[in-house]
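# give the three-dimensional model of this entry:
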Amino acid sequence: MKRLVFLAVTALASIPLSAQVVTDDFDKFIQEENASFDKFIDDANKEFIEFLRHPWKKAEAKKPVERHTKPEPPKPVIYDEQKHPEDTPPVELTIKDILNQTTIEGQQRPTVEVKNVDQLTFDKPTPKPQPQPKPTPKPTVIVAKQNTPTIIGGNTPKVEPAKPQATPVKPQPVAPKAEPTTPAKPQTTPVKPQPVAPKAEPTTPAKPQATPVKPQPKPKAKPAMQSSLQKEFYPSVAINYCNTKLYIDASMKGVINITSSQECAVADGYEALCRSNYKPLIANCQQAQKDFRLNDWGVFLFVKTAAEALCNDENSCIVMQQFLLNELGYRAKMARRGDRNQLLLFVATDCMVYGHPYFTKEGLNYYNINGTEACTFYMCNQDSKKAKTPVAMRLNNVPALNSGVVSRQRTNKAGNVSVSVNVSKSLMDFYASMPQCDYGVYAKAPVAGSLAQEVLGTLRPLVQGKSEVDAANLLLNFVQTGFKYATDEEQFGFEKPFFVEELFYYPACDCEDRSVLFGWLVRELLGLDVVYLDYPNHIATAVQFKGDVKGDFLTVDGKRYTVCDPTYIGASIGMTMPNLRSAGVSILRY
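Residues are numbered from 1 along each chain as shown. Here you go, the predicted structure:
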């Protein structure tokens with residue numbers, strides 16, 4: 001009995017000792033983890049933090065580059081047949097410049113090294129071109145050839161009244177034994193029919209399914225994209241990303257609180273971020289980019305939204321944005337305003353961004369996306385070694401943002417062409433967040449699959465079997481009269497080019513927006529090449545038709561492009577606004 005009592009007392013006495021051993025082991029573990037966590041700050045970040053502590057250099061932000069030097073037409077020009085008869089002799093427009101994709105407005109210049117001097121110096125900005133007097137060349141009168149209509153879709157065309165500019169050869173009946181041919185797609189070059197041998201006409205296929213009688217059924221909208229970021233987890237913080245509720249890791253919430261914009265305070269904050277558990281948030285950014293098919297601007301917007309949710313003050317938010325962007329590989333630099341205790345964030349982009357102050361370093365323009373006022377600032381001369389690439393503004397994919405779908409309808413004035421679509425509100429919020437960029441960003445952007453199917457599925461049967469002239473005129477009239485005109489200043493108070501989807505969402509649009517839509521429709525439905533005509537205060541289009549087409553034209557690389565103006569209301573293809581027929585025009589090719 002005494003032996004049992006002794007064993008029990010011994011066991012009870014050993015419990016505090018075991019607990020003490022466990023506690024000591026745990027403390028040792030924490031110390032080791034903290035030590036390894038300190039080592040987690042890699043050499044690149046350590047070096048950059050040391051540079052942040054050095055006195056920043058003084059520099060000057062350049063004034064924003066404005067897109068338009070003259071206001072857009074307050075109202076669209078209405079075609080007047082008495083002032084501009086259809087039989088007006090065509091002219092060849094004078095080309096001032098041809099801007100290919102490699103020489104657009106925002107082309108970056110060669111790399112220039114920045115020396116470490118007392119005052120931070122940047123490359124001089126690309127000078128803004130001065131307006132040149134309009135040339136007054138003598139119009140060249142071109143004798144129009146007879147039009148031989150190219151048939152769209154490869155169907156047996158119905159006999160239609162010939163238009164003045166086109167006198168197609170009336171097809172002869174073809175014997176049923178003729179060998180059937182596969183209907184040609186719009187983009188293929190059809191064989192021009194010989195006037196003496198109608199039996200060889202290749203545009204008379206025997207397949208009945210190509211006859212555009214019944215409109216194609218409207219496709220059902222795809223279900224909204226689901227992401228793991230749309231499910232709440234612990235620890236997480238909810239954010240509103242383009243009208244979509246998402247959850248991000250909360251480990252970095254309140255990690256920094258920067259009350260001063262001085263060098264040491266900023267360096268301390270950056271170091272605290274390096275020591276924090278930031279990798280889950282980096283993973284969230286990468287997951288959002290993958291799940292929602294975001295371009296680089298979409299990632300920047302996600303970083304900005306996350307930083308605003310995790311920080312309690314503006315300066316901390318700027319420091320966190322640069323930290324996250326650098327860790328993701330993007331070129332971003334923070335600066336301190338010279339006249340106040342405020343940090344700014346400059347982000348390098350791959351093209352010109354209008355309306356925002358900037359500086360140029362190593363051939364790249366860095367823009368203050370959050371500001372519009374040029375100012376003096378102080379900035380660290382050194383970049384993070386992790387900052388490798390500029391933020392790409394162009395879109396290779398349409399962001400998969402499908403929240404808040406709204407229905408819209410557009411009908412031409414005659415009422416014979418009507419398109420109904422569903423537009424994603426979250427996608428509209430994403431496009432609205434983008435600053436104004438080079439025109440090519442909008443002209444080359446892909447179109448949301450569901451909306452593209454709705455628009456093209458409605459219009460394709462209407463152009464099927466028509467000649468190029470008739471098909472192009474139908475599309476041109478739809479864009480001219482199916483959309484209300486308003487300048488961006490009237491609608492928004494600032495210049496805002498549209499992506500195709502935005503024309504169906506907003507109540508009105510201007511000339512450059514209509515040109516983007518018409519160019520997309522012609523490429524998709526007719527398979528024809530399009531260039532954009534950039535006048536001092538107007539944008540239109542020109543189409544390279546396969547057949548001979550009457551009207552005003554331009555010659556680009558030996559190819560004839562016929563003017564098609566979506567803002568010259570009621571005008572047919574080949575008609576230029578009277579005040580622009582003798583004006584020089586720049587050609588934008590994308």
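
# near M252, how many other residues are there?
Residues within reach of M252, counting by other CB atoms under 10 Å, total 23. (C-beta placed from N, C-alpha, C; glycine too.)

# check which helix or strand it maps to.
Under DSSP states H and E, no helix or strand contains M252.

# low pLDDT regions in the protein?
Applying pLDDT under 70 to the chain flags the ranges 1-40, 67-72, 101-225.

# show me where it has helices.
Assigned by DSSP state H, the helices in the chain fall at 2-39, 43-53, 263-275, 279-291, 296-310, 314-327, 425-433, 439-443, 449-463, 468-481, 488-491, 500-505, 511-521.

# now the ones you listed in JSON lines, with distance to V563 and mean neighbour count?
Formatted as JSON lines, these follow (distance: least, CB to CB, whole Å; neighbours: other CB atoms under 10 Å):
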{"stretch": "helix 2-39", "distance to V563": "66", "mean neighbour count": "10"}
{"stretch": "helix 43-53", "distance to V563": "54", "mean neighbour count": "16"}
{"stretch": "helix 263-275", "distance to V563": "55", "mean neighbour count": "19"}
{"stretch": "helix 279-291", "distance to V563": "41", "mean neighbour count": "17"}
{"stretch": "helix 296-310", "distance to V563": "33", "mean neighbour count": "22"}
{"stretch": "helix 314-327", "distance to V563": "44", "mean neighbour count": "24"}
{"stretch": "helix 425-433", "distance to V563": "29", "mean neighbour count": "20"}
{"stretch": "helix 439-443", "distance to V563": "17", "mean neighbour count": "23"}
{"stretch": "helix 449-463", "distance to V563": "20", "mean neighbour count": "18"}
{"stretch": "helix 468-481", "distance to V563": "11", "mean neighbour count": "23"}
{"stretch": "helix 488-491", "distance to V563": "23", "mean neighbour count": "16"}
{"stretch": "helix 500-505", "distance to V563": "21", "mean neighbour count": "22"}
{"stretch": "helix 511-521", "distance to V563": "12", "mean neighbour count": "25"}
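
# so for G558, which of the ones you listed sits nearest?
helix 468-481 (19.6 Å; CB to CB).

# which other helices and strands contact the closest one?
Using 3 or more CB pairs under 8 Å, 6 or more residues apart in numbering; DSSP states H and E as the contact test, the elements touching helix 468-481 are helix 449-463, helix 511-521, strand 568-569.

# the ones you listed: which one's closest to V556?
Per CB to CB, nearest to V556 of those: helix 511-521, 14.6 Å.

# could you dump the helices of the chain to TSV with distance to Y241?
Output for the helices of the chain, formatted as TSV (distance: least, CB to CB, whole Å):
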stretch	distance to Y241
helix 2-39	30
helix 43-53	27
helix 263-275	21
helix 279-291	7
helix 296-310	5
helix 314-327	15
helix 425-433	8
helix 439-443	21
helix 449-463	20
helix 468-481	32
helix 488-491	25
helix 500-505	18
helix 511-521	26
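
# for K96, find the nearest of those helices.
helix 439-443 (15.9 Å).

# run the chain-centre distance for the closest one.
7 Å (CA atoms, centre = their mean, to the nearest Å).

# and of the helices of the chain, who's closest to A540?
Among those, helix 511-521 comes nearest to A540, with 6.0 Å by CB to CB.

# just to revisit the earlier point, mind checking which of the helices of the chain is nearest L99?
helix 439-443 (9.1 Å).
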